[in-house]
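What follows is a predicted structure for the sequence shown.
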Amino acid sequence: MKKGLEKNMVNKKYYKVGLYSSYFLDILMIILLILSIWQRNIVWIFGCSLALFVSLIPSIIKRNYEITLPLALDLLITVALLLHVGGGLLNIYHTLPFYDAITHFVSSFLVAFLAFVVIYILHVYWEGLIMDNYAMAFVVVLLTISMGVIWEFNEWITDIFVYGGLHEQWGYNDTIKDLFIDMIAGIVMAVIGVNMIKKGSFDQMTREFGMQIDKKIISKTRKKKKD
Amino acid sequence: MEANIKKICRIKCFQWSLVLRIVMIISLILAIWKKDWVWVSGTFIGLFISFLPSILKKDIKITLPWVLDFLIAFVTSLHVGGRLLNFYGIIPGYQLATRFFISMLVAFIGFSLIYILDEYWEGLKMDKYAMAFVVVIATMSTGVILEFIKLLNIPGAFYYVTGSEYIKNYSLMLNLLADTIAGIIVAMIGVNLIKSGEFDDITENFGKQIDSVIIHRKKQEK
């Protein structure tokens, strides 16, 4: 009983830290927006505004659809956007070595995290999918790599039809490097995810979100099928 | 009538895969005659893979589905032909076509494994569309792994990656596109075969044997 209470207090403490971090990151994003306006940098005014809007999407979803994304997912979305926008506006991509690799890793990790959350929720609430923890981890790695491939397709097509040469993609070595980072991010998330599932913390983190998804989407589809 | 047609098709495919193996044996002799030892080992590996179903059948009582048997023989012949007779360099698009069939083979192996695990292992239960989705992403990912191996650029052991950055990148993206399309095609065929019950016919023996040889044994060990 006492242990349970202590655990609950620790969780609340972590939640508060996460929440304040999320606010802090939103403030940083606003500062970047102000900076881009001050620099009269049209591209990044648009970029920052879009990033700020995307980082607010979890709050919008919560208010309008009563679906609460896990705080870790909310934080990861904001960090990924902030890294990209900050890197572009402050020219860190070209000044700091490995910055591009770090940004790519964070984005791929976000994709892997989202994939793990979705697969886990489907495993728990949908009768169409039952998966062993390790099978889940394996699929997460595959999904992260293939999302990386789709991203590269997007860049490749843009280069062919818009630029007529290498622009979005910097070349063969860069594409391979990006795909390698995607794979590493997928593997890291898979290892973390399996450990979290074993400890029970993944279930705790996704419970509210899972129940909401079940109520709003999965059970409705089930009812429709029955009808 | 339908059963007869199926029987004839199977016999024809068996004969075809036999012809492909003979072609590979000729390739092996040709490679020895040319004293191209790297290609000799390449052809030998290809030949070994194409005979693998028969070896497996004898040793641990596993019969690969005939489609898989046929695809292995076909793909290895294409690859060995491309390397040995330099079709990769002479015929435009040959490399891409080979890559496409390799990916189809990978996708088919993936689909069979997932289907068998779904049928016989309690650790995996999947809707057929989820299965198709996993097959597509597995094929795409295997293509990426293949590209990593190419990057190692071991002379004579695998493809050389040559040309300008643009050409190399273009070729890489075309290969990844071929993997994706092959994965999607096999996924669509697979879903239709599951719906009609034919996928079960194709993999039934293999599945039962995998279950008795591997899954059931692991269960007993536990």
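Cool, the structure landed. Quantities reported herein were computed from a predicted structural model and do not represent experimental measurements.

show me what contacts A:Leu35?
Going by Cβ atoms under 8 Å, 6 or more residues apart in numbering or on different chains, A:Leu35 touches A:Leu89. C-beta coordinates here come from the backbone N, C-alpha and C atoms, glycine included.

same deal with the one 4 residues further on?
The contact partners of A:Gln39, taken as Cβ under 8 Å, 6+ apart, are A:Leu89.

In space, what's closest to the residue positioned nearest the centre of chain A - neighbours in sequence excluded?
The residue at the geometric middle of chain A, judged as the C-alpha nearest the mean C-alpha position with Cα atoms, centre = their mean, is A:Leu110 (2.9 Å). Across the structure, with Cβ to Cβ, 6 or more residues apart in numbering or on different chains as the measure, the residue nearest A:Leu110 apart from its sequence neighbours is A:Leu76 (4.6 Å).

Just the buried residues of the helix or strand containing the one you found, please?
Remark: A:Leu76 resides in helix A:71-89, with elements defined by DSSP states H and E. Buried residues in helix A:71-89, counting neighbours by 16 or more other Cβ atoms under 10 Å in any protein chain shown, are found at A:71, A:73-89.

Repeat that for stretch A:202-219.
For stretch A:202-219, a neighbour-count test (16+ other Cβ under 10 Å) marks A:Phe202, A:Met205, A:Thr206, A:Phe209, A:Gly210, A:Gln212, A:Ile213, A:Asp214, A:Ile218 as buried.

By pLDDT, give me the weakest of those residues.
The weakest per-residue confidence within these falls on A:Ile218 (78).

Now do the same for it: helix, strand or coil?
With DSSP: H, G, I helix; E, B strand; the rest coil as the basis, the three-state label of A:Ile218 is helix.

Next up, the contacts around it.
Contact partners of A:Ile218, counting by Cβ under 8 Å, 6+ apart, are A:Leu122, A:Tyr125, A:Trp126.

ditto for B:Phe87
Neighbours of B:Phe87 in contact, by Cβ under 8 Å, 6+ apart: B:Gly81, B:Tyr94.

who wins for most neighbours among the contacts of A:Ile218?
For the contacts of A:Ile218, neighbours were counted by other Cβ atoms under 10 Å in any protein chain shown; the highest total belongs to A:Leu122, with 21 neighbours.

For B:Ala132, see how far away the closest residue to that one other than its chain neighbours is.
Here the nearest residue to A:Leu122 in space, its sequence neighbours aside, is A:Leu129; by Cβ to Cβ, 6+ apart that works out to 4.7 Å. Counting by Cβ to Cβ, to the nearest Å, the gap from A:Leu129 to B:Ala132 is 13 Å.

if you count what's nearby, which of those two comes out ahead?
When A:Leu129 and B:Ala132 are compared on other Cβ under 10 Å, the one with more neighbours turns out to be B:Ala132, at 23 against 20.

hmm, back to that, surely the residue nearest to A:Leu110 meets A:Val106?
Yes - using Cβ atoms under 8 Å as the test, A:Leu76 is close enough to A:Val106 to be in contact (7.4 Å).

Model confidence for residue 158, exactly?
This is for chain A. On the pLDDT scale, A:Thr158 is placed at 88.

wait, chain B
Per-residue pLDDT puts B:Phe158 at 44.

Just the pLDDT for B:Ile5.
In this prediction, B:Ile5 carries a pLDDT score of 56.

What of B:Ser164?
As summarised for this prediction, B:Ser164 has a pLDDT of 78.

Please list all residues in contact with it.
The contact partners of B:Ser164, taken as Cβ under 8 Å, 6+ apart, number zero.

Equivalent analysis for the one 5 residues further on, please.
Contact criterion Cβ under 8 Å, 6+ apart gives A:Trp156, A:Leu166, A:Gln169, A:Gly171, A:Tyr172, A:Thr175 as the residues in contact with B:Asn169.

Tell me how far A:Val117 lies from chain B.
Distance, A:Val117 to chain B, by Cβ to the nearest Cβ, to the nearest Å: 16 Å.

And A:Ala190, by the same measure?
A:Ala190 is 13 Å from chain B, by Cβ to the nearest Cβ.

roughly how far is the host helix or strand of that residue from the heart of the chain?
Assigned by DSSP H and E, A:Ala190 falls within helix A:172-199. What separates the centre of helix A:172-199 from the centre of its chain is 13 Å, taken as Cα atoms, centre = their mean, to the nearest Å.
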